[in-house]
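J.: Quick one: sequence plus predicted model below, questions after.
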Amino acid sequence: MKKRICFFNVDGLLNKTSDWKKPFTINYGLANFFCFFLAKNNLIPVITSSWRIGFNKPGDPGNAPYIRELEDIFASYGLKIYDKTPILKGRPRDKEIERFLYFHRTNDYIVIDGDPDEYENVSSHVYFIDPETGFTRKDAHKAGKMLKKLDKLEIVP
């Protein structure tokens, strides 16, 4: 199975709006389910969230405590947060993802996010979840179908 990048936001994906009373809250049920989805689909996680300000590099002891907590959850599934998108002040998230893709020279990716307002242009690689519920079984099914559809598009010469 090939590897592909999964750009992910944290708020609304690994927690839900009802969890937002306390900053940097991780909903362990959602986070574990998301990690299972990543591992099952051979996805390489890249953080796009505002949480990325606390991420230096994988396994760095200088990473913020909330990032180290995320890393521990990901590690239990054999995953590492590979990298983060650049911060382009005043630019939408899709431009930050485009910049990352330009320097990493790949079109093999999926974006999973809960905030369409962060996007100026939405490509066929973007899947939006409902931040009220976070990443659910239904989302895993739909995102999995999206991955299969993207695979078919890549085969066409």
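T.: Perfect, thanks for sending it.

J.: okay, how far is it across stretch 50-57, tip to tip?
T.: The stretch stretch 50-57 measures 15 Å between its terminal residues, going by CA to CA, to the nearest Å.

J.: ugh, typo on my part, it should be stretch 23-34
T.: Across stretch 23-34, the straight-line distance between its terminal residues is 20 Å, by CA to CA.

J.: buried ones in it?
T.: In terms of neighbour count (16 or more other CB atoms under 10 Å), stretch 23-34 has its buried residues at 24, 26, 27, 30, 31, 32, 33, 34. Quick note: C-beta positions are derived from backbone N, CA and C, even for glycine.

J.: now do stretch 107-123
T.: Along stretch 107-123, the positions that meet the burial threshold by neighbour count (16+ other CB under 10 Å) are 108, 109, 110, 111, 112, 113, 114, 115, 119.

J.: ok, residue 82 - contacts?
T.: Residue 82 makes contacts with 5, 44, 45, 46, 58, as judged by CB atoms under 8 Å, 6 or more residues apart in numbering.

J.: Closest one of these to residue 81?
T.: When the contacts of residue 82 are compared for distance to residue 81 (CB to CB), residue 45 comes out closest, at 5.2 Å.

J.: Name the SS class of that closest one, please.
T.: Here residue 45 is recorded as strand under DSSP: H, G, I helix; E, B strand; the rest coil.

J.: hey, where'd the helices end up in the chain?
T.: Assigned by DSSP state H, the helices in the chain fall at 28-40, 65-75, 93-104, 137-155.

J.: So which residues make contact with the second one?
T.: Here helix 65-75 makes contact (CB under 8 Å, 6+ apart) with 10, 14, 24, 26, 28, 31-32, 35, 38, 45, 51, 54-55, 58-59, 61, 63, 80-81.

J.: try the third one
T.: Contacts of helix 93-104 from elsewhere in the structure, counted by CB under 8 Å, 6+ apart, are 5, 7, 9, 46, 48, 83, 85-88, 107, 109, 111, 113, 115, 118-123, 126.

J.: again, but for the longest one
T.: Outside of helix 137-155, the residues within contact range by CB under 8 Å, 6+ apart are 4, 33, 37, 41, 107, 108, 110, 112, 124, 125, 127, 129.

J.: Could you pick out which of the buried residues of stretch 107-123 are located in strands?
T.: Residues of the buried residues of stretch 107-123 located in strands (DSSP state E): 109, 110, 111, 112, 113.
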